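K.L.:
The following block contains a protein sequence and its predicted model.
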Amino acid sequence: MTEINIFNPQNFSRELQLLLICMKAESEQSFENILQPWLEDVDWGLFLNLAKHHRVYPLIYMKLKNLKEGSIPLDVIQVLSQEYRKNTFQMLHLTGEMENIFRHLGELDIQALMLKGPVLAMDLYGDLSHRTSKDLDILVQQRDLKRTEEIILKLGYEKVAVGDHHFCYFHFKKAINIEIHWRLHPDLGIEPSFDYLWERRRITPLTSYPICFLGRDDLFLYLVPHGARHGWFRLRWLVDIDRLVRKGLNWGYLIPQLLKFQYQHIAGQALLLAQQILNTPFPMDIQIDSLIRGEKSYKLAHLAVFYIREIKEPERSNLPWNEYFHDKYYYFSLLPNLRLKMSYIIRHFKPQKSDRETMPLPKSMAMLYVILRPGLWMWRKINRV
């Protein structure tokens, strides 16, 4: 498989390059040899911030803690150790709450699938403490949403947000966030049905109460669009893809599924990024090669490098002009077909709350916002500048 270069590592900060070296080293001996030239002139504060931002500090700590004394400043190791311990407690906390919630769902015969969280840490990393998680993502059937919400509210959670494909709840005493999904993704087209995913479910060995989660190949079909939607701006998501690939995937099953759900361009993006950033190995297969070599996959991977380098997430507000158009172009390019692209364009012409705040109009004249929206948007941008 001929190498395709999507970015020049020299455009990354020295600290980010050092972080990548720590993440992709495969053996302790080669790691120490490769690492040595990079340990001079390092801004260790920036290095720690990057490790925290990308949510990879547990892995970085595991790599650096056994280096010979003096290789890494002691205070850096101490900070990583503290964060590692805090994450271990957090993951144990989430595991206990996850089991509690699934027991209550089970009592009402509500079928539920964990999407990420502690089960993903155990499945891909073999240890709770090696991956971070800030919340619990649970997929249920749409018909069970009302009953599920009743359980969540009775357990002391409060609804704090409504998304396109999930509801968010927060427990203020336990400091735990839960997302109840009825779809895997908000607006990336068709996706596997719940019944199909349920038939292929696995049960985690992590808890005494049976908690179901996605089959390994279905996990790939979920994590790839999720990471793409966020521009892979946290390297943790690429590490997940790397671990999945290394554990073995059924490409004979996956390739037709990627084509069916029109995920082939974002799968190609993920594989290309993982290959070049983490040295992820792939089988010599003409179909996998065609995914990586696809022009759209290459373009999406190149666009995503911006978010990794600049530590920024797509689809944010109050952006400078150049970043605003980069975001819109990136998200538009993710959409797999003309119908979704047209829907995305039309959505931007619908009146928004910010339009009403910029120019309040009576309800009888609300339709004017469709015409005024471009001008109001430009007015807000100019005022921000």
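P.N.:
Looks like it came in fine. Numbering: from 1, shown residues only.

K.L.:
Which of the helices or strands spans residue 178?
P.N.:
strand 176-181 (DSSP states H and E).

K.L.:
Report the separation between the closest residue to residue 250 other than its chain neighbours and residue 191.
P.N.:
Leaving aside its chain neighbours, residue 250 sits nearest to residue 217 (5.3 Å; criterion: C-beta to C-beta, 6 or more residues apart in numbering). Using the backbone N, CA and C atoms, a C-beta is placed for each residue, glycine as well. The gap separating residue 217 from residue 191 is 14 Å, by C-beta to C-beta, to the nearest Å.

K.L.:
got it, and residue 175?
P.N.:
Residue 175 is 31 Å from residue 191, by C-beta to C-beta.

K.L.:
Neighbour count for the two, which is higher?
P.N.:
residue 191 (19 against 9; other C-beta atoms under 10 Å).

K.L.:
Within the helices and strands, which one has the residue nearest to the more buried one when sequence neighbours are not counted?
P.N.:
In space, residue 191 comes closest to residue 184 once its chain neighbours are excluded; the distance is 5.1 Å by C-beta to C-beta, 6+ apart. Using DSSP H and E, residue 184 sits within no helix or strand.

K.L.:
Just confirm residue 184 contacts residue 194, I think it does.
P.N.:
No - between residue 184 and residue 194 there is no contact under C-beta atoms under 8 Å: 9.3 Å.

K.L.:
Between the two, point out the one with more neighbours.
P.N.:
residue 184 (24 against 21).

K.L.:
Return the residues in contact with that one.
P.N.:
115, 139, 165, 191-192, 222, 225-226 (C-beta atoms under 8 Å, 6 or more residues apart in numbering).

K.L.:
Sitting in helices, which of those residues do you find?
P.N.:
222, 225-226 (DSSP state H).

K.L.:
Roughly how far does the residue lying closest to residue 46 once chain neighbours are set aside sit from residue 310?
P.N.:
Among residues not flanking residue 46 along the chain, residue 15 sits closest, at 4.6 Å (C-beta to C-beta, 6+ apart). The gap separating residue 15 from residue 310 is 14 Å, by C-beta to C-beta.

K.L.:
More neighbours: those two, which one.
P.N.:
A side-by-side neighbour count of residue 15 and residue 310, using other C-beta under 10 Å, places residue 15 first with 20 against 12.

K.L.:
quick one: the more buried one and residue 39 touch, right?
P.N.:
No - assessed by C-beta under 8 Å, residue 15 is found out of contact with residue 39, at 11.4 Å.

K.L.:
Great, nothing more from me.
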